[in-house]
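[1] Quick one: sequence and predicted model below, then my questions.
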Amino acid sequence: MTNLALLLTYNHRLISTAAILDVFESVNSMYAASQQPPCFNLQLVLPDQEGVDLLPHYGRHVTVALKDAVQPDIVLIPAFISGDVDTAITANHIFLPWIRQQHHAGAEIASFCTGAFLLAATGLLNGKPATTHMNACSAFAGHFPEVLLQPDKVLTAAAGIYTSGGATSTFHLLLHLVEKCCGQDMAVRAAKLFAIDMDRDTQSYFGMFLPDRRHADPLITEVQQRMEASFREARNVESFMENIPASRRNFVRRFKQATGITPIEYLQKTRIEAAKKMLEQTGNSILSVMLDCGYNDIKAFRKVFRKEVGLTPTEYRVKFAGSRNTSLQVEM
């Protein structure tokens, strides 16, 4: 039997813990239905401090404090509620040495979605691949530059350390753990039960470019506003740097320090995000979409779009245009 320790962190996302519990409980139920012993022993682990009554309760599940937890084979870190990551890590600092201790004692560690922030704060992800929610990748990269972030990945696995991408990617990591502990047949049964496609290996097309202006550089804020207002007409990045009181080298350095990406990457992401919106909301041809978001070479546009999104423009439209798909002419 595999001993699991699910951390009930402060500000954890309820749907994340519910998904984790549901999958492992369902696997145990499938074993019970065939008169076999359960595969997983699940304990919910609370922090050793006052205020645990503020955390949600999960009924019949065994709940223990950190100091009383049975040595786990796998530690599970759920996602956080969206918000200030620094505050969430600080509120859960008591878990950090415990997680490190369990890993050094042989336990594997798995984080789900934004739970990767707490795992990374332990230092165990340094030099290892990791993923998290697409919309949290920029913040993650800024907080943990020593981690090998792979934003497009649905899950990562290295030396007993696992991370999952955002939201439903949680199920892909859960199925990976089920297959590891119980075998492929049980993983396939669980995938069918929860209607999860096991072959999805990217989350790029779920991402949204949400520019961060919470930095304290008014010069960079001004350029961001210029890009977002005039990206369609701009010939190149230099056109946004006119009358900027800084050298090109200094400007690029400040821009990347403030936003996490270069000006060229920012312009590209702004244009691709606009293209995605047009593909979702209009029936305009791919050529028209390309021109409206500032590109003039269809081959280059398709190449950049696929690199950023993981799908061709047509594939993206088919996936996200909703009911309008029935009336759209699919470009060959």
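    Received it, and whenever you're ready, just let me know what you need.
[2] quick one, strands of the stretch 101-250 of the chain?
    108-111, 129-130, 148-149, 155-158, 161-164 (DSSP state E, counting those that start in this stretch).
[3] Redo the ones you listed as a markdown table? Include distance to Ala5.
    C-beta coordinates here come from the backbone N, C-alpha and C atoms, glycine included. What follows is the strands of the stretch 101-250 of the chain, written out as a markdown table (distance: least, Cβ to Cβ, whole Å):
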| stretch | distance to Ala5 |
| --- | --- |
| strand 108-111 | 10 |
| strand 129-130 | 20 |
| strand 148-149 | 25 |
| strand 155-158 | 18 |
| strand 161-164 | 14 |
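[4] Between these, which one is closest to Ile261.
    For Ile261, the closest of the strands of the stretch 101-250 of the chain is strand 148-149, at 12.8 Å, according to Cβ to Cβ.
[5] for the strands of the stretch 101-250 of the chain, which one sits closest to Gln184?
    strand 155-158 (15.8 Å).
[6] Report all helices and strands that that closest one contacts.
    Counting contacts by 3 or more Cβ pairs under 8 Å, 6 or more residues apart in numbering; DSSP states H and E, strand 155-158 packs against strand 129-130, strand 161-164, helix 169-182.
[7] Check which helices and strands the helix or strand of the chain with the lowest mean pLDDT is in contact with.
    When each helix and strand of the chain is scored by mean pLDDT, DSSP states H and E, strand 62-65 comes last, with a mean of 86. Applying 3+ Cβ pairs under 8 Å, 6+ apart, we find strand 62-65 packed against strand 40-46.
[8] For the strand it packs on, list every residue counted as buried.
    For strand 40-46, a neighbour-count test (16 or more other Cβ atoms under 10 Å) marks 40-46 as buried.
[9] just stretch 62-79 next, same as before
    63, 66, 69, 72-79.
[10] Return the most buried member of the helices and strands packed on strand 155-158.
    strand 161-164 (a mean of 26; mean count of other Cβ atoms under 10 Å).
[11] From the rest of the structure, what touches it?
    Residues outside strand 161-164 that contact it (Cβ atoms under 8 Å, 6 or more residues apart in numbering): 103, 108-113, 116, 119, 124-125, 128-132, 154-156, 170, 172-173, 176-177.
[12] who does that strand pair up with?
    strand 108-111 (parallel), strand 155-158 (antiparallel) (DSSP bridges).
[13] Pick the most deeply packed of those strands.
    Buried most deeply of the strands paired with strand 161-164, by mean count of other Cβ under 10 Å, is strand 108-111, with a mean of 25.
[14] any idea how far that strand is from the chain center?
    Between the mean C-alpha point of strand 108-111 and the mean C-alpha point of its chain there is a distance of 15 Å (Cα atoms, centre = their mean, to the nearest Å).
[15] could you show me where the helices are in this structure, in order?
    Under the criterion DSSP state H, the chain contains helices at 14-33, 85-91, 95-104, 116-121, 137-143, 169-182, 184-193, 218-230, 248-259, 263-281, 286-292, 298-309, 313-320.
[16] ok, Arg214 - how many residues close by?
    7 (other Cβ atoms under 10 Å).
[17] er, Phe251 I mean
    Count around Phe251 with other Cβ under 10 Å applied: 19.
[18] what about it, distance to Pro263?
    Remark: distance between Phe251 and Pro263 (Cβ to Cβ, to the nearest Å) = 8 Å.
[19] Next, show the common contact partners of those two.
    Common neighbours of Phe251 and Pro263 (Cβ under 8 Å, 6+ apart) are 223, 241.
[20] Thought Glu265 was touching Val252, still the case?
    No. Using Cβ atoms under 8 Å as the test, Val252 is too far from Glu265 to be in contact (10.7 Å).
[21] do you know how far the residue nearest to Ile220 when sequence neighbours are not counted is from Phe251?
    With Cβ to Cβ, 6 or more residues apart in numbering as the criterion, Ile220 has its nearest non-adjacent residue at 4.3 Å, and that residue is Ala258. According to Cβ to Cβ, Ala258 and Phe251 sit 11 Å apart.
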